[in-house]
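# Quick one, structure for this:
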Amino acid sequence: MIQANNIFLPRLLPENEKFAPGHRACVGCGEALAVRMACKAMDQNVIIVNATGCMEIVASQLPTSSWRVPWIHTLFENTAAVASGIEAGLKAMMRKGSLEKRDIKVVVIAGDGATLDIGIQALSGAMERGHNFLYLAFDNEAYMNTGIQRSSATPYGATTTTSPAGRESIGQFSWKKDMPSIAAAHNIPYVATANPSYPFDLIEKVKKGLAVKGPAYIQIFSVCPTGWRCPAELTVKIGRLATETGAFPLYEVENGKYSISYKTDKLRPIKDYMKLQRRFRHLPEDTVKEIQKRTEQEYRKLLEKAE
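Coordinates of the predicted model:
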């Protein structure tokens, strides 16, 4: 039996696009799909702070831009710091009367490299200080924009250009960093995971993140056909398999309380997800079994937190 909280329920969505078509994302890009969905949850009173990465490159090449809301590009390492400064500056301007008082939300867009690796120090500081912003981490599990290098979000066993598979290596040698749990450990009001293969769940979670007062963090699964070496037409299918197998479970942490967004009595075999991606094709059966065991263990831990 599958339980789902508003995952499959349709909603009327705004027709205007804040992330406009015409960008240069790869065919089948799950991140571009996720960004478009996330923007559907936003109104015009938003300022987007965009770390260096795929979305910055494909959507802002001069003299064109795909952004129809205020947008600023910043570096890998200081995205959360820039967002903090914008949020503090807006409050100061409103307090002094130089800006009309209204609810302007600061939203960060960053990849896993800019979040789990290079930018984690600034992000941790911003969450600890309690700045009022929404941080959207688009997780394509490697540094795709600069050549498919491993990040701490790269899953165990996946081959990348800096963790290549070979006679002495299975590829990525460490397990994926659990960044949502790290964010939740800061005792912020809202943490969630989302997946564009479940679009209405993603949009509802972004709305929740925008509504809270204080820091909110959402990690969004982003299939990358180029880096994962998978067919572009399977982006949505692979996203669903990631959740159905437990590779990327969907859940929320609201004021410290865990709840599962997609719950199943029995996970699908992890190989159903991995076999569609060439980045895993080198793995022997015993390693796949090891990954299956670890996935089941982590899923049980999550269920226990939700109970």
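# Can you check what pLDDT the model gives Ser66?
Note for Ser66: predicted pLDDT of 95.
# In this structure, where is pLDDT below threshold?
1-11 (pLDDT under 70).
# how about the strands in it?
Here the chain has its strands, by DSSP state E, at 2-4, 46-51, 71-74, 105-111, 133-139, 190-194, 216-221, 251-254, 257-260, 262-264.
# Other residues contacting the second one?
The set of residues external to strand 46-51 that reach it, using CB atoms under 8 Å, 6 or more residues apart in numbering, is 18, 56, 60, 67, 69-76, 79, 82-83, 86, 104-111, 114-115, 119. The way it works is simple: take the backbone N, C-alpha and C, and place the C-beta from them, glycine included.
# what's the residue nearest to Ile57 when sequence neighbours are not counted in contact with, if anything?
In space, and not counting its chain neighbours, Ile57 is closest to Asn145: 5.7 Å by CB to CB, 6 or more residues apart in numbering. Neighbouring residues of Asn145 by CB under 8 Å, 6+ apart: Thr52, Gly53, Cys54, Ile57, Gly111.
# what about Asn145, distance to Lys207?
For Asn145, the distance to Lys207 (CB to CB, to the nearest Å) stands at 28 Å.
# cool, Ser197 as well?
As judged by CB to CB, Ser197 and Lys207 stand 18 Å apart.
# who's more crowded, these two?
Ser197 (25 against 14; other CB atoms under 10 Å).
# and the closest residue to that one other than its chain neighbours, what does it touch?
Using CB to CB, 6+ apart and skipping residues adjacent in sequence, the residue nearest Ser197 is Gly239, 3.1 Å away. Contacts for Gly239 (CB under 8 Å, 6+ apart) come out as Gly30, Asn195, Pro196, Ser197, Tyr198, Phe221, Val223.
# need the helices for the stretch 151-300 of the chain, in chain order.
With DSSP state H, counting those that start in this stretch as the criterion, the stretch 151-300 of the chain has helices at 179-184, 199-211, 225-228, 235-244, 270-274, 285-306.
# With adjacent residues omitted, what lies nearest to Leu234?
The shortest distance from Leu234 to any non-neighbouring residue, by CB to CB, 6+ apart, is to Leu276 (5.9 Å).
# List buried residues within the contacts of strand 46-51.
Buried members of the contacts of strand 46-51, scored by 16 or more other CB atoms under 10 Å, are 18, 56, 60, 67, 71, 73-74, 76, 79, 82-83, 86, 104-111, 114-115, 119.
# Next, the contact list for Tyr135, please.
Ala80, Ala83, Val107, Val108, Ala110, Thr115, Leu123, Ala183, Pro215, Ala216, Tyr217, Ile218.
# count of residues packed around the closest residue to Gln121 other than its chain neighbours?
Closest residue in space to Gln121, ignoring its immediate chain neighbours: Glu77 at 7.6 Å, by CB to CB, 6+ apart. For Glu77, the count of nearby residues is 17 (other CB under 10 Å).
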